[in-house]
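**Student:** The following comprises the amino acid sequence and a computationally predicted model.
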Amino acid sequence: MAVLEKIKKYKRLIAVFVILLLTGLVETGYNYPSLRNGYDSLNLGEAIRTEQEGDTERYVIEYRPENGLYVKQIRLSGRFPKEYEYTVQVTEVNAFGKETEVTYTDTVNAWFKNFYTDLNKTVTAIKIVLDKPEGAELTGAVCTNRAEINKYRVLFFLAVFSLLYCALFEENFCRKTEWYVVLYGAVFGLLIILYAQPVKISWDEQIHFRNAYRLSYGKTVEWSESAVHLQNWTSVKCNTKAEYAQLRAYRDEKGEEYAQKEEKETIVPSYNSLAYIPQALFLWIGRLLDLPFSSLYAFGKIGNLLVYLLTMFWAVRLAKTKKLFLAFFAMMPTVIFQASSYTYDSIVNCFLTLGCVLWANHFFFREGKTRVRDIILMVLFMLLGSLSKAVYIPLLLLVLLLPWFRERSRKEKVIFWGGIFLLCGLVMATFVLPTLINTVTGNLAFGGDSRGGDTGAAGQLLSMLQHPLASVRLILQNVTQLDNFRNLGAEATDNFFFGNLMFLNFATAGILGDKWSALLVPAFTVLLLYRDPAEKERRSCTGRQTFIIVTIGLVTVILIWLAMYLSFTPIGESYIAGVQARYYLPLIYLGALLLSGKRISVQCDKVLMTRLAFVSAGILGFAGLYQCFLQGRLI
């Protein structure tokens, strides 16, 4: 007993020691081939030769080690006028001694002087083939197997073991779930920001970065070369940490060179730019701190992450029902990924979710008196969440279902109901009126996809008005199908389970495979049905109220699809392009509220259920982080 008491007393010190020990052992394991038979460099420069094939001249490097050689990395050096692809053909030897011929492809470019390809294989033959265009010069080639501490990998495993300890052995987090959500979100989000590097990685991030960057300046916007590159989605391919180090150095150098200045008409942000304020503020602070451009680019994302964590902290803390479900949702990989990128989607999601939490507290529970201040807060959060995406404004109508309105006088009802309908109308008008006006005036290209294509909201609306029945049928068919969520626009990625697309999706970095739905679906199902023993009795929804809530949700879903058809689908097409599963994220908590748990519920010890939720979220998150951000990229 005395030993157990001492362990409990010093458990945090013991935990630190164990976490550091485990991280060190893992890093040693990754470096085992180098520690066993390492070498700093094997020069292949003498093996470089040129070959002529028709009109094409190529560099060829061939090397055959006598007894097989473990190659951790290949480094090419030279100067090239633009980006070119090269191939690395190797004969690999597996652990059973069997040889297999494998071909890898990689690139060289004009931005760097050194180019790296990670192999981490034992090989008996290497052949590198690279075209030699005019102005290109290959000056060196080296194989290495050097032991080194990978800071990205070390941070990853430190985070994994630390959060696992907090989830399993710190009971305070089980009692105050919102604090673990913040801890997990901060660690996971900062790792995403660190691993993302100064490139476009999230959905339309170049557009969102441009808007935040412009907002961070006053009247005059000073565009650096690097800022112009990022808003134009200009970069080179990188797949090793050494290449990303060169990219950061290049961004920092070009970040000190100003390409152009832009004069803004006003410094007052428009209503649909308010979501960019946190990102713009941190970009402004970063410039005051004179941060290098690559650090500045990352620093701006922290503003978005902080607002998300603060908002979801209060959402989880204040939630009187489905608290653990909401906490699990707040820790989902895609949700935090959005909050760690340049986008307005995370602001939309967290503000609408908080608004739904406040609404649910006053709609489902009788204790406590609803005040005008409470109504104003609900309206404010739902309004702020809808300004950047007007399609979610119907959620504001939920406020009209509050029991508080039954006690109001006729005059008060007219004022409040009229005000809410007016706000809904004004927000919808910001999208509808310009489209209608341009349709009438013949400007059919208005409201199209800023990335190009035969799109235009005005032209599409005119087409729909000319074919009303076909338009209604198209919208209803697409809304009721669950197999047509577009992800990255490629056939290989469009067939993922929609749950993975919604929660385990890292945009261009990748998606966790469908096998992970074996954890995702049961976890969500159990938490959806779980009933906290401490939760007070909920007010029952009448059939009429349930119908209204479902109708509001369906109208919102229809508006999502309609907006994508108007703005992102070529005019007159019989399909809807651009809809992604992540657009449903702001509706998740509202949908969970419809299940009361009175007829079907899961009962379990709260601490155990909380730990299961924490661990499940961690497994999904860190599996995605390792697979999509580290593997084949930074390690």
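**Tutor:** Thanks, I have it. Note that this is a predicted model, so its numbers are computed, not measured.
**Student:** mind listing what residue 497 touches?
**Tutor:** 514, 517 (CB atoms under 8 Å, 6 or more residues apart in numbering). Using the backbone N, CA and C atoms, a C-beta is placed for each residue, glycine as well.
**Student:** Can you read off the pLDDT for it?
**Tutor:** You'll see residue 497 listed with a pLDDT of 83.
**Student:** Enumerate every residue touching the most centrally placed residue in the chain.
**Tutor:** Geometric centre of the chain, nearest residue: residue 337, 2.8 Å, by CA atoms, centre = their mean. Neighbour list for residue 337: 192, 202, 505, 506, 507 [criterion: CB under 8 Å, 6+ apart].
**Student:** of these, buried ones?
**Tutor:** The neighbour-count criterion (16 or more other CB atoms under 10 Å) marks 192, 202, 505, 506, 507 among the contacts of residue 337 as buried.
**Student:** which non-adjacent residue is nearest the fourth one?
**Tutor:** When you say that, I think you mean residue 506. In this structure, residue 506 finds its nearest non-sequential neighbour in residue 628, 4.6 Å apart by CB to CB, 6 or more residues apart in numbering.
**Student:** The residue nearest to the centre of the chain and residue 16, how far apart?
**Tutor:** Separation of residue 337 from residue 16 (CB to CB, to the nearest Å): 29 Å.
**Student:** for this structure, where's the lowest mean pLDDT among helices and strands?
**Tutor:** Sorting the helices and strands of the chain by mean pLDDT, DSSP states H and E puts helix 491-494 at the bottom, at a mean of 60.
**Student:** Output whichever helix or strand comes after that helix in PDB, but only the C-alpha positions, please.
**Tutor:** Under the assignment DSSP states H and E, the closest C-terminal helix or strand after helix 491-494 is helix 498-503. Only the C-alpha atoms of helix 498-503 are listed here, as PDB (Å, rounded to 0.1, in the frame of the first residue of the first chain):
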ATOM      1  CA  PHE A 498     -19.200   9.700 -46.200                       C
ATOM      2  CA  GLY A 499     -18.500   9.500 -42.400                       C
ATOM      3  CA  ASN A 500     -14.800   9.400 -43.200                       C
ATOM      4  CA  LEU A 501     -15.200  12.300 -45.600                       C
ATOM      5  CA  MET A 502     -16.900  14.200 -42.900                       C
ATOM      6  CA  PHE A 503     -14.700  13.500 -39.900                       C
END
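**Student:** didn't residue 160 look like it was pressed against residue 622?
**Tutor:** Yes - the pair residue 160 / residue 622 is scored as a contact, 5.4 Å apart, by CB atoms under 8 Å.
**Student:** Domain map for this protein?
**Tutor:** 35-147, 205-302, 322-446+490-558+581-603 (automatic domain parsing).
**Student:** For residue 611, which of those is the nearest?
**Tutor:** For the domains of the chain, distance to residue 611 was read as CB to CB. The smallest value, 10.7 Å, belongs to domain 322-446+490-558+581-603.
**Student:** for the helix or strand hosting residue 180, the distance to its chain's centre please.
**Tutor:** Per DSSP H and E: residue 180 is located in helix 177-196. Here helix 177-196 is found 12 Å from its chain centre; the criterion is CA atoms, centre = their mean, to the nearest Å.
**Student:** Next: stretch 80-90.
**Tutor:** Distance, centroid of stretch 80-90 to centroid of chain: 30 Å (CA atoms, centre = their mean).
**Student:** For that stretch, buried residues please.
**Tutor:** 80, 84, 86, 88, 90.
**Student:** ditto for stretch 139-157
**Tutor:** Buried, per 16+ other CB under 10 Å, within stretch 139-157: 141, 142, 143, 144, 145, 147, 152, 153, 155, 156, 157.
**Student:** Rounded mean pLDDT for that stretch, please.
**Tutor:** 95.
**Student:** Ok, stretch 72-79 next?
**Tutor:** pLDDT averaged over stretch 72-79 gives 95.
**Student:** So for that stretch, what gets flagged as buried?
**Tutor:** 72, 73, 74, 75, 76, 77, 78.
**Student:** Check stretch 299-311 too.
**Tutor:** Those would be 299, 300, 301, 302, 303, 304, 305, 306, 307, 308, 309, 311, for stretch 299-311 by 16+ other CB under 10 Å.
**Student:** next one: stretch 417-433
**Tutor:** Buried, per 16+ other CB under 10 Å, within stretch 417-433: 420, 423, 424, 427, 428, 431.
**Student:** Quick check: the fourth one touching residue 392?
**Tutor:** No - with contacts counted by CB under 8 Å, residue 427 stays clear of residue 392, the gap being 9.1 Å.
**Student:** what touches both of those two?
**Tutor:** By CB under 8 Å, 6+ apart, the residues touching both residue 427 and residue 392 are residue 386.
**Student:** Going along the chain, name the strands of the stretch 201-350 of the chain.
**Tutor:** Secondary structure of the stretch 201-350 of the chain by DSSP state E, counting those that start in this stretch: the strands cover 220-224, 258-263.
**Student:** Quickly compare those strands and say which is most buried.
**Tutor:** strand 220-224 (a mean of 15; mean count of other CB atoms under 10 Å).
**Student:** Give the other helices and strands that it contacts.
**Tutor:** helix 205-215, strand 258-263 (3 or more CB pairs under 8 Å, 6 or more residues apart in numbering; DSSP states H and E).
**Student:** Which SSE is immediately downstream of the lengthiest helix in the chain?
**Tutor:** The residue-count maximum for a helix in the chain (DSSP state H) belongs to helix 410-441. Sequence-wise, the next helix or strand downstream of helix 410-441 (DSSP H and E) is helix 457-466.
**Student:** Model confidence at residue 561, what's the number?
**Tutor:** 89.
**Student:** and it, what is it in contact with?
**Tutor:** 475, 478, 479, 576, 579.
**Student:** What subset of these is buried?
**Tutor:** Looks like the contacts of residue 561 have 475, 478, 479, 576, 579 buried, using 16+ other CB under 10 Å.
**Student:** Okay, and which of these map to helices?
**Tutor:** Going by DSSP H, the helices hold 475, 478, 479 from the buried ones among the contacts of residue 561.
**Student:** Identify, from those residues, the entry nearest to residue 251.
**Tutor:** residue 478 (40.3 Å).
**Student:** ok, the closest residue to the closest one other than its chain neighbours - contacts?
**Tutor:** Excluding the flanking residues, the one nearest residue 478 by CB to CB, 6+ apart is residue 576, at 4.9 Å. Taking CB under 8 Å, 6+ apart as the criterion, residue 576 is in contact with 474, 475, 478, 484, 561, 564, 565, 569.
**Student:** just how off-centre is the longest strand seen in the chain within its chain?
**Tutor:** Longest strand in the chain by number of residues (criterion: DSSP state E): strand 114-131. Relative to its chain's centre, strand 114-131 lies at 32 Å (CA atoms, centre = their mean).
**Student:** May I see the buried residues of it?
**Tutor:** Quick answer for strand 114-131 (16+ other CB under 10 Å): 114-119, 121-123, 125-130.
**Student:** Repeat that for stretch 531-551.
**Tutor:** In stretch 531-551, counting by 16+ other CB under 10 Å, buried: 531, 532, 535, 538, 541, 548, 549.
**Student:** Among those, which ones are in helices?
**Tutor:** Per DSSP H, the buried residues of stretch 531-551 map to helices at 548, 549.
**Student:** so which of the buried residues of stretch 531-551 comes closest to residue 28?
**Tutor:** residue 532 (43.2 Å).
**Student:** thinking again about what came up before, ok, so of the contacts of residue 561, who is nearest residue 242?
**Tutor:** residue 579 (38.9 Å).
**Student:** doesn't residue 567 make contact with the closest one?
**Tutor:** No - contact criterion CB under 8 Å: residue 579 and residue 567 do not qualify, at 11.2 Å.
**Student:** Helices along the stretch 201-350 of the chain, start to end?
**Tutor:** 205-215, 225-231, 241-255, 277-288, 293-318, 323-330, 333-339, 345-364 (DSSP state H, counting those that start in this stretch).
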